[in-house]
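Novice: quick check, what structure comes out for this input:
(one chain, ligands or ions: 2)
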Amino acid sequence: MKLCRFKNRSGQVGIGLVADDSKVLDLTPAGITQLQSLLENDNHVAEVTRIAKQKLPQLALSEIQLCAPVEHQEVWAAGVTYLRSKAARMEESDFSATAYDRVYTAERPELFFKSLAEKVAATGEPVGIRRDAKWNVPEPELALMLNSQGKVVGYTIGNDMSSRDMEGENLLYLPQAKIYQRSCALGPWIQSGATEAEAREWKIKIEIRRDGENVFAGETSVGQIKRRFEELADFLFRCQSFPHGTVLLTGTGIVPPDTFTLRERDEIRIEITGIGWLRNTVMLV
Ligand code: DO4
Ligand code: MG
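Specialist: Ligands and ions are numbered 1, 2, ... in the order given. Predicted structure coming up:
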């Protein structure tokens, strides 16, 4: 089941059920006004299935604008969860190589704050590259939607935009390399009802186009993530609570070659089979 936040032609935000990737059933008249409250119910798939039997307005996807599928949730991210990510970070920094090597096998994962909900870019909105960085990349990641109990209640696609020269220079620059204007995109919607075993079968693909040409393409599978989703959620919920629920990016397994950096106006298209596509163009911030 695919659930979205959308804006209609009059600018009102609603919650919808996406059908056939082309239509949206507006759940707002049935009293569903927030995704986060709906996701509090681990059995929301049954609830929405029941509600969808009512006569509700149907809109074409082409007549609405998809919003990022977050309201008040903080967005967090896990790092170095794929072998590819560990190798890339060890290469980019002799200085921090041991830290990356250790965290990959340590019991405690790397978890970091990524974004406030209101700063997240939706599909179709620009993502940012820092003007004071020289080496900027997208990080295509599966994002877990966690409710206030720390349960995985859905999935979306995330882009953990990063400045690799900054993080490579010194680990202490990680927050600046990762958290800046438009550094996080989520969307296009939430896929719920899949188990972890099912999600681990999904492929993650990225394509970057520049002036109509493909300049980078990569692929991995969710199954390559070293840690279980529950394990990541458990560490995130240790000693802190998330009354609105939270979103957790699960790390990247696709790293472009070291000669590649994003440029203004590049088009990034991330696909996770089982969810859909997240598309953003790049702007300088
Ligand atoms: O420690 C650096 C960040 C790692 C990361 O964001 C990832 O592996 O996806
Ligand atoms: Mg990342």
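Novice: so, low pLDDT: which residues of the stretch 1-150 of the chain?
Specialist: Within the stretch 1-150 of the chain, the set of residues satisfying pLDDT under 70 is empty.
Novice: give me every residue in it lying close to ligand 1.
Specialist: Counting by Cβ under 6 Å from any ligand atom, the stretch 1-150 of the chain comes close to ligand 1 at Ala77, Gly79, Val80, Ser85, Arg89, Glu110, Glu139. C-beta here means a position set from N, CA and C on the backbone, and glycine is covered the same way.
Novice: skipping adjacent residues, who's closest to the fifth one in space?
Specialist: Residue nearest to Arg89 in three dimensions, not counting chain neighbours: Tyr100, with 4.2 Å by Cβ to Cβ, 6 or more residues apart in numbering.
Novice: what's the separation between the residue in the chain positioned nearest to ligand 1 and Ala177?
Specialist: At 2.7 Å from ligand 1, Gly79 is the closest residue in the chain, using Cβ to the nearest ligand atom. Taking Cβ to Cβ, to the nearest Å as the measure, Gly79 falls 11 Å from Ala177.
Novice: rewinding a little: give me the subset of the residues of the stretch 1-150 of the chain next to ligand 1 lying in strands.
Specialist: Mapping these onto strands (DSSP state E) picks out Ala77, Gly79, Glu110.
Novice: so which of these wins on neighbours?
Specialist: Within these, Ala77 tops the neighbour count with 28 neighbours, counted by other Cβ atoms under 10 Å.
Novice: that one: what's it in contact with?
Specialist: Applying Cβ atoms under 8 Å, 6 or more residues apart in numbering to Ala77 gives the contacts Leu111, Phe112, Phe113, Lys114, Glu141, Gly158, Asp160, Lys178, Leu248, Leu249, Gly251.
Novice: rerun at 6 Å
Specialist: Phe112, Lys114, Asp160, Leu249 (Cβ atoms under 6 Å, 6 or more residues apart in numbering).
Novice: which residue is the nearest non-sequential neighbour of it?
Specialist: Leu249 (3.9 Å).
Novice: for Ala177, what are its contacts?
Specialist: Ser162, Ser163, Met166, Glu167.
Novice: that's a strand at the last one, yeah?
Specialist: No: counting by DSSP: H, G, I helix; E, B strand; the rest coil, one finds Glu167 to be helix, located in no strand.
Novice: how about the secondary structure of the residue nearest to it when sequence neighbours are not counted?
Specialist: Closest residue to Glu167 apart from its sequence neighbours, by Cβ to Cβ, 6+ apart: Ala177 at 3.9 Å. Per three-state DSSP, the local secondary structure of Ala177 is helix.
Novice: if we can go back for a sec, buried among the contacts of Ala77? Need that as a selection in ChimeraX.
Specialist: Here is the ChimeraX selection string for the buried members of those, based on 16 or more other Cβ atoms under 10 Å:
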select :114,160,249
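Novice: got phi/psi on the nearest residue to Ile225 once chain neighbours are set aside?
Specialist: Leaving aside its sequence neighbours, Ile225 sits nearest to Thr81 (Cβ to Cβ, 6+ apart; 5.1 Å). Dihedral angles of Thr81 (phi, psi; degrees, to the nearest 10) stand at phi -100, psi -10.
Novice: and Thr81, what does it touch?
Specialist: Ile225, Lys226, Arg227, Thr250, Gly251.
Novice: need the pLDDT of the residue nearest to Glu167.
Specialist: Note for Ala177: predicted pLDDT of 98.
Novice: specify the beta-bridge partners of the nearest residue to Ala60 once chain neighbours are set aside.
Specialist: On the basis of Cβ to Cβ, 6+ apart, the spatially nearest residue to Ala60 that is not a chain neighbour turns out to be Lys23, at 6.1 Å. Beta bridges link Lys23 to Ala19, Ala60 when assigned by DSSP bridges.
Novice: distance check, Lys23 against Met1.
Specialist: Distance from Lys23 to Met1, by Cβ to Cβ: 14 Å.
Novice: cool, Gly14 as well?
Specialist: 16 Å.
Novice: and Glu118, by the same measure?
Specialist: Distance, Glu118 to Met1, by Cβ to Cβ: 26 Å.
Novice: nothing else from me, thank you.
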